[in-house]
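coords below, sequence missing:
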C-alpha cells in the first residue's frame, strides 16, 4: 500500500514538472501518446492474459473493449492534437475596432484520474489520453478490484511514459481517501454514484472541478419489428447485455420494455441467440465473462433469492460459485418494487417489463433517475422524436447498443445521477483544459461614450451599441441626430 510520504512526494514532483512548462509542449504530448500506442501494442498478449485472469474476458472482447479502444483513441488524438491546441479566433463587436480576440486552451495543471475495475485498461488510459493531450501532469489511481491490471499499469507505465509527469498510485479505499485530501486541478472519476458523492464532497473543499462518469439503469425500449429486423436487433441486445463483461458495464443494458403482445416473440428469439452466443451450460459458458468477485456475485444472487423475483425467471438463473459465473438470465415482469428493479444490476440478469402500448415506455423511463444511456429499437420516426423530446439521458442510441462509446466525435457522459462532464476525442481534451479568453486592443480610436461624465447622448450611443445598431451609432457620433443632453 502506498504511504502518505510517497503520495506527497509524487504530487510535489508532478507540480514541479508542470510548473516547468514541460507538459505544455506539443512535442511532449505527442511523444506520450505515441508511448501509449507502443505500450498497448507491445503488451497486447499480456493484457489479454490479465483481462482473462481478472474478468474472464475472451481476447476478442478484450481487444474490442479495451486494447482496440485505446489504440483508436490515441491515434485520433495524435491526428488532431495540433488542431486542438491551436488558438480559436473569437468574433468581437465592431464597436471595439481595432481589436482581436482568441481562445487559448491551456492545461489545468495536476489532475487525478480514478479508474474502474470493469474495463480496467480503457477506463484508466482513455481519460489519461485526454489529460496528456491537454498538457497536464497526472496521477492515475487504478481500481484495487482489478489488482493484476493495476499492478501492470504501476510497473509498466513508467517505462513508457514520462515518470516525472505521469504517476500510477496503487491501493484501496484508504489510498483513494488520502488522495482526495490533496488539492487537485481536476478530478476525473469513473464508478458508482455512491462513491461519486464522496469524490464530489472531497473536491468541494478545494473547489476542485470534477468529471463524474457514473452509471444507472440503462433501459431498452423495444418496439415491435418485422422478423428480419428483429433478429438483428436481438443480436445487438444480447451482445449489449451479456457480451460486454457479462453485463458489468455502466452503459450496459439494465432492463427491456416491450409490449405484452410482443414479449413472447422477443423472449424466444433471445433464448435462441443466447444459446448460439454463449451456450446453455453454466459450467461451460463460452464468450462470457465472470463476476469480478464474491461480494458482487452474492449481491446478484440475492436479487433472485426474493421468491417473487425467482418466480419470474423464464430463462437461466443458474450460478457457479467456484468460477463466479452467472448464466444469462431473463426475468419477465418482476415486481417493480423489488431490489432488482431499483438498483443498477451490473450483471447478466435481464428483466423484461411489459406494457400495453410501447408509448407508455416514455413515462416508465421518466419514473426512474436519468440513465447514462437509453436504447430504443424502433422504425417509428415520430416515436423517436418523442423519446428525444420527452426523456433525458446521457446519450440515446437508436437500433443498437453500446456502440456510442467508441465514437470519438460524440461526447460521452451522464446527466443527473448518472454523472456529469463528458469526454472522448476533442471532448476529452476540453475536459482537461481551461479555455482562456484573450482580447487585444489598439490605442487608436478611443470610444469616449464609455467614460464619464455621463450624458443623454452617451446613453443613446451605448443603447445603439448594445443593440448592434451601427448606423445609429455613427449618426450619433457624427452629431447628425439630435439628442437632448441630460
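Done, it's in. The structure presented is a predicted model; accordingly, all values stated were derived computationally and were not measured.

From the recorded domain assignment, give the ranges for this protein.
4-214+423-435, 219-413, 448-486 (automatic domain parsing).

out of those domains, which comes closest to residue 442?
In terms of Cβ to Cβ, the element of the domains of the chain nearest to residue 442 is domain 4-214+423-435, at 4.5 Å. The way it works is simple: take the backbone N, C-alpha and C, and place the C-beta from them, glycine included.

pLDDT on the closest one, on average?
Averaged over domain 4-214+423-435, pLDDT sits at 96.

Then stretch 224-232?
For stretch 224-232, mean pLDDT rounds to 93.

Off-centre distance for it?
Distance of stretch 224-232 from the chain centroid (Cα atoms, centre = their mean, to the nearest Å) equals 30 Å.

tell me which residues in that stretch are buried?
For stretch 224-232, the neighbour count (16 or more other Cβ atoms under 10 Å) marks 224, 225, 230 as buried.

which stretch of helix or strand covers the last one?
If I follow you right, that is residue 230. Mapping residue 230 onto the secondary structure by DSSP states H and E places it in helix 227-242.

Which SSE is immediately downstream of that helix?
Where DSSP H and E defines the elements, the next helix or strand beyond helix 227-242 is strand 255-259.

and the angle from the following helix or strand past that next one to helix 227-242?
Following strand 255-259 in sequence order, the next helix or strand is helix 260-278 (DSSP H and E). Counting by axes from the mean of the first three to the mean of the last three Cα atoms, to 10 degrees, helix 260-278 lies at 60 degrees to helix 227-242.

how about the helices in the stretch 351-486 of the chain?
360-366, 381-390, 426-431, 456-466, 470-477 (DSSP state H, counting those that start in this stretch).

which one of these is the most hemmed in?
Counting by mean count of other Cβ atoms under 10 Å, helix 426-431 has the highest mean neighbour count of the helices of the stretch 351-486 of the chain, with a mean of 22.

Residue 368 reaches residue 217, doesn't it?
Yes. Assessed by Cβ atoms under 8 Å, residue 368 is found in contact with residue 217 at 6.0 Å.

So for these two, which residue has more residues nearby?
residue 217 (23 against 16; other Cβ atoms under 10 Å).

Shouldn't that one be within a helix?
No. Counting by DSSP: H, G, I helix; E, B strand; the rest coil, residue 217 is not part of a helix but coil.

which residues does the closest residue in space to it that isn't next to it in sequence contact?
Leaving aside its chain neighbours, residue 217 sits nearest to residue 254 (4.0 Å; criterion: Cβ to Cβ, 6 or more residues apart in numbering). Listed by Cβ atoms under 8 Å, 6 or more residues apart in numbering, the contact set of residue 254 reads 216, 217, 218, 219, 344, 345, 351, 371.

okay, the buried residues of stretch 224-232 in a markdown table with distance to residue 22 next?
Below are the buried residues of stretch 224-232 laid out as a markdown table (distance: Cβ to Cβ, whole Å):
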| residue | distance to residue 22 |
| --- | --- |
| 224 | 59 |
| 225 | 55 |
| 230 | 56 |
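
ok, these vs residue 95, which is closest?
Among the buried residues of stretch 224-232, residue 225 lies closest to residue 95 (Cβ to Cβ), at 57.8 Å.

what number of residues lie near the closest residue to that closest one other than its chain neighbours?
Leaving aside its sequence neighbours, residue 225 sits nearest to residue 233 (Cβ to Cβ, 6+ apart; 5.9 Å). By the measure other Cβ under 10 Å, the count of residues near residue 233 is 22.

Repeat that for residue 333.
Residue 333 has 14 nearby residues by other Cβ under 10 Å.

show me what contacts it?
312, 351, 352, 353, 354.

Most neighbours out of these, which is it?
Most surrounded of the contacts of residue 333: other Cβ under 10 Å gives residue 351, at 23 neighbours.

I'd say that one and residue 329 touch.
No. Judged on Cβ under 8 Å, residue 351 makes no contact with residue 329 at a distance of 9.4 Å.

In CSV: the domains of the chain, plus distance to residue 442.
Below are the domains of the chain laid out as CSV (distance: least, Cβ to Cβ, whole Å):
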stretch, distance to residue 442
domain 4-214+423-435, 5
domain 219-413, 38
domain 448-486, 15
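
What are the neighbouring residues in contact with the closest residue to residue 370 other than its chain neighbours?
Excluding its sequence neighbours, the residue lying closest to residue 370 (Cβ to Cβ, 6+ apart) is residue 416, at 3.7 Å. Contact analysis of residue 416 by Cβ under 8 Å, 6+ apart lists 369, 370, 392.

gap between the first one and residue 333?
In this case it means residue 369. Using Cβ to Cβ, to the nearest Å, residue 369 is found at 21 Å from residue 333.

and what of the second one?
In this view, residue 370 and residue 333 are 24 Å apart by Cβ to Cβ.

Could you pull up the residues touching residue 84?
Going by Cβ under 8 Å, 6+ apart, residue 84 touches 105, 133, 426, 429.

Quick check, pLDDT for the nearest residue to residue 286 once chain neighbours are set aside.
Spatially, and ignoring its direct neighbours in sequence, residue 286 is nearest to residue 279 (5.3 Å; Cβ to Cβ, 6+ apart). pLDDT, residue 279: 91.

Tell me how far residue 279 lies from residue 26.
Relative to residue 26, and taking Cβ to Cβ, residue 279 is found at 50 Å.

residues contacting residue 415?
Contact analysis of residue 415 by Cβ under 8 Å, 6+ apart lists 370, 392, 393, 394.

and what of residue 40?
So residue 40 contacts 47, 67, 70, 71, 74, 121, 125 (Cβ under 8 Å, 6+ apart).

Wait, the first one touches residue 152, no?
Yes. Residue 47 sits in contact with residue 152 when judged by Cβ under 8 Å, with a separation of 7.5 Å.

residues near the closest residue to residue 400 other than its chain neighbours, how many?
Computed as Cβ to Cβ, 6+ apart, the closest residue to residue 400 that is not its neighbour in sequence is residue 236, at 5.2 Å. When neighbours are defined as other Cβ under 10 Å, residue 236 has 22 of them.

per-residue confidence at residue 236?
Residue 236 is assigned 97 on the pLDDT scale.

go on, residue 335?
Here, the pLDDT recorded for residue 335 equals 97.

so which strand or helix has it?
Assessed by DSSP H and E, residue 335 sits outside every helix and strand.

Now do the contacts for it.
Listed by Cβ under 8 Å, 6+ apart, the contact set of residue 335 reads 308, 309, 341.

what about the second one, is that helix, strand or coil?
The local conformation at residue 309, judged by three-state DSSP, is helix.

My guess is it contacts residue 334. True?
Yes. Using Cβ under 8 Å, residue 309 is in contact with residue 334, at 4.9 Å.

The two: which has the busier surroundings?
Each of residue 309 and residue 334 has its neighbours counted (other Cβ under 10 Å); residue 334 has more, 24 against 20.

For the more buried one, give its distance to residue 177.
Taking Cβ to Cβ, one finds residue 334 at 36 Å from residue 177.

coming back round to it: show only the entries of the contacts of residue 333 found in strands.
With DSSP state E as the criterion, strands contain 351, 352, 353, 354 from among the contacts of residue 333.

With distance to residue 101 as added columns, please give those residues in a markdown table.
As requested, the ones in strands among the contacts of residue 333 are exported to a markdown table (distance: Cβ to Cβ, whole Å):
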| residue | distance to residue 101 |
| --- | --- |
| 351 | 54 |
| 352 | 55 |
| 353 | 53 |
| 354 | 57 |
